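Trainee: Please find the sequence and the predicted model below.
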Amino acid sequence: MASVLELAKQITDEVVAPLAADIDRSGRFPKEAFAAFGKAGLLGLLVPQEAGGLGGTLEDLVAVTETIAESCGSTAMCYLMHSCATMVIAAKATENQKERYLRPIAEGTKIGTLAFSETGTGAHFYSPEIQAARDGESFVLNGRKSFVTNGDQADFLIVLTNAPDADKGLNMFIVDKDTPGVRFAGEWDGIGLRGNNSISLLMENVRVPKAQLVGAEGDGMDLIFQVVAPSFILGVSGVNVGLARGAYLAALEHAKMRKYADGRSLAEIQAIQFYLSDMFGAVESASLFARNAAKAAVEGREDAVLRVMQSKVLASESAVKVTNLAMQVCGGQGYTQKLPVERYLRDARAGAVMAPTTEVLKEWVGKSVAGVPLF
Ligand SMILES: Cc1cc2nc3c(=O)[nH]c(=O)nc-3n(C[C@H](O)[C@H](O)[C@H](O)COP(=O)(O)OP(=O)(O)OC[C@H]3O[C@@H](n4cnc5c(N)ncnc54)[C@H](O)[C@@H]3O)c2cc1C
């Protein structure tokens, strides 16, 4: 039987890669890739085996997102947000939630995402302004979530709010897309990740039964730090390592193929060789760091949190550096849509501004190594 990574690689080669340029230009959601992932069981990568999933780990998530992003950043980002939403449910699933969400995810018939960000709180998504109101055995949600990747293509959204009693902390709810009062607005017009369909979620008197709460009331902050942070941060690391490797390989191929009139190739020029060396080193270092951080998290090592946080910093910065170098290697041809490096460069710019952003992570890493409390 094919391993998870072999499956991901096969679908990436056969479905994701051929559509990557079209998805970038048209800005459409990668639905063919999601259909293929669903059919192969890959949407259930992080669903436990007893609920019909593949029972994968964070190490698998890094490897799979890296593989997909090597060909298409948009598809990898959509897959990652779905996987994070899956992991949130799997962390505390009731029997009802297992049947309603985890089994269909494993069967490839449900897509999820995270709706955390709000315009008012920006990069500090862990301090939402939206407050759930209690109404008998239900909660009522009102407000707007921004930057919801997968947007209206998701069947359910994990929505982060304050608990009705302010001192109870944060709640996470599973909100079905077809719940009355749920609407989507806007169009994704980012410079990169053009197919990630990151749009706004509008909630007007959205009634959510108590059974849709993830865990207990007030579990939201723990879920953010124990589940969302490791899966999202490591997954973004995987996406950015993949983007960097894709750009490096495209530039390498171009350097070998592009010949001058005297028969010399770009690859024979020393300046280009230096760039290739820089790119190769940056890609492989960031990849090893991310995989080691994921291993530390899976093993529950004491240094895992620090390594996970630093992995996103390193991967995002490496992706920007490598994609810039790739364009330099490819020259004017790299600046056009004839080669994919301009797409990798635009896609790679998102990693550092996605929360937790590079600035916030560097502060947390710096505090951690210096023994200063985070908050
Ligand atoms: C492609 C993409 C997909 C996304 N998908 C999702 C999604 O699926 N779900 C979701 O919930 N959100 C998503 N987001 C939102 C994202 O995670 C951030 O919440 C959002 O980008 C914040 O943007 P902002 O302009 O409000 O940032 P601001 O909060 O305005 O930050 C602007 C800059 O200031 C810096 N800054 C702010 N505060 C501090 C501080 N205290 N110290 C140091 N520096 C600081 C930041 O690092 C950043 O560089 C996505 C974003 C992008 C770009």
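Mentor: Nice, I can see it. Everything quoted here is computed from the prediction, not taken from an experiment.
Trainee: which SS state does the spatially closest residue to Asp13 that is not a sequence neighbour fall under?
Mentor: Once flanking residues are discounted, Asp13 sits nearest to Ser71: 7.7 Å by Cβ to Cβ, 6 or more residues apart in numbering. Any C-beta I mention is one placed from the backbone N, CA and C, and that applies to glycine too. Judged by DSSP: H, G, I helix; E, B strand; the rest coil, the three-state class of Ser71 is coil.
Trainee: Could you report the distance from Ser71 to the ligand?
Mentor: The gap separating Ser71 from the ligand is 18 Å, by Cβ to the nearest ligand atom, to the nearest Å.
Trainee: Can you give me the pLDDT of that residue?
Mentor: pLDDT for Ser71: 98.
Trainee: tell me the contacts of it?
Mentor: Thr12, Asp13, Val16, Ala17, Ala20, Gly242, Gly246 (Cβ atoms under 8 Å, 6 or more residues apart in numbering).
Trainee: Please identify which of the residues you listed is nearest to Gln270.
Mentor: Checking the contacts of Ser71 against Gln270 with Cβ to Cβ, the nearest one is Gly246 at 24.7 Å.
Trainee: Now for the closest one, how many residues are close by?
Mentor: For Gly246, the neighbour count with other Cβ atoms under 10 Å is 30.
Trainee: Spatially, what comes nearest to it if we skip its sequence neighbours?
Mentor: Glu70 (4.3 Å).
Trainee: Likewise for Arg207?
Mentor: Arg207's closest residue in space is Ser138 (Cβ to Cβ, 6+ apart), at 5.1 Å.
Trainee: Need phi/psi at that neighbour.
Mentor: Backbone geometry at Ser138, expressed as degrees, to the nearest 10, gives phi -120, psi 170.
Trainee: unless I'm mixing things up, it is touching Val206, no?
Mentor: No - applying Cβ atoms under 8 Å as the test, Ser138 and Val206 come out as separate, 9.9 Å apart.
Trainee: Measure how buried the residue nearest to Gly246 is and give me the count.
Mentor: 27.
Trainee: Equivalent analysis for Ala40, please.
Mentor: 18.
Trainee: right, is stretch 348-362 up against the ligand?
Mentor: Yes - using Cβ under 6 Å from any ligand atom as the criterion, contacts between stretch 348-362 and the ligand involve Ala350, Val353, Met354, Ala355, Thr357, Glu359, Val360.
Trainee: And the helices in the stretch 51-200 of the chain?
Mentor: 58-69, 73-92, 95-97, 103-107 (DSSP state H, counting those that start in this stretch).
Trainee: ok, residues contacting the first one?
Mentor: Among residues not part of helix 58-69, those counted as contacts by Cβ under 8 Å, 6+ apart are 4-5, 8-9, 12, 16, 33, 42, 45-46, 54, 56, 75-77, 79-80, 83, 230-231, 234-235, 237-243, 245-246, 287, 290-291, 294-295, 297-298, 347.
Trainee: Next, the angle helix 73-92 makes with that helix.
Mentor: Per axes from the mean of the first three to the mean of the last three Cα atoms, to 10 degrees, the angle that helix 58-69 makes with helix 73-92 is 160 degrees.
Trainee: Pull helix 58-69 out as PDB, backbone CA atoms only.
Mentor: C-alpha atoms of helix 58-69 as PDB (Å, rounded to 0.1, in the frame of the first residue of the first chain):
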ATOM      1  CA  LEU A  58       2.200  16.500  12.600                       C
ATOM      2  CA  GLU A  59       5.300  15.000  10.900                       C
ATOM      3  CA  ASP A  60       3.000  13.800   8.100                       C
ATOM      4  CA  LEU A  61       1.300  17.200   7.900                       C
ATOM      5  CA  VAL A  62       4.700  18.900   7.400                       C
ATOM      6  CA  ALA A  63       5.700  16.400   4.700                       C
ATOM      7  CA  VAL A  64       2.400  16.600   2.900                       C
ATOM      8  CA  THR A  65       2.000  20.400   2.900                       C
ATOM      9  CA  GLU A  66       5.700  20.600   1.700                       C
ATOM     10  CA  THR A  67       5.000  18.200  -1.100                       C
ATOM     11  CA  ILE A  68       1.800  20.000  -2.300                       C
ATOM     12  CA  ALA A  69       3.300  23.500  -2.000                       C
END
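Trainee: residue of the stretch 1-150 of the chain with the smallest distance to the ligand?
Mentor: The minimum distance from the stretch 1-150 of the chain to the ligand, using Cβ to the nearest ligand atom, falls at Gly122 (2.3 Å).
Trainee: Spit out the contact partners of that residue.
Mentor: Gly122 touches Ala355, counting by Cβ under 8 Å, 6+ apart.
Trainee: Now do it, the pLDDT please.
Mentor: 91.
Trainee: Likewise for Leu374?
Mentor: 87.
Trainee: ok, now Met1?
Mentor: 68.
Trainee: Also the one 4 residues further on?
Mentor: The per-residue pLDDT reported for Leu5 equals 96.
Trainee: Gly242 versus that one, what's the distance?
Mentor: Leu5 sits 12 Å away from Gly242, going by Cβ to Cβ, to the nearest Å.
Trainee: Which one's more surrounded, those two?
Mentor: Ranked by neighbour count (other Cβ under 10 Å), Leu5 and Gly242 place Gly242 first, with 31 against 14.
Trainee: what helix or strand is that one on?
Mentor: helix 229-257 (DSSP states H and E).
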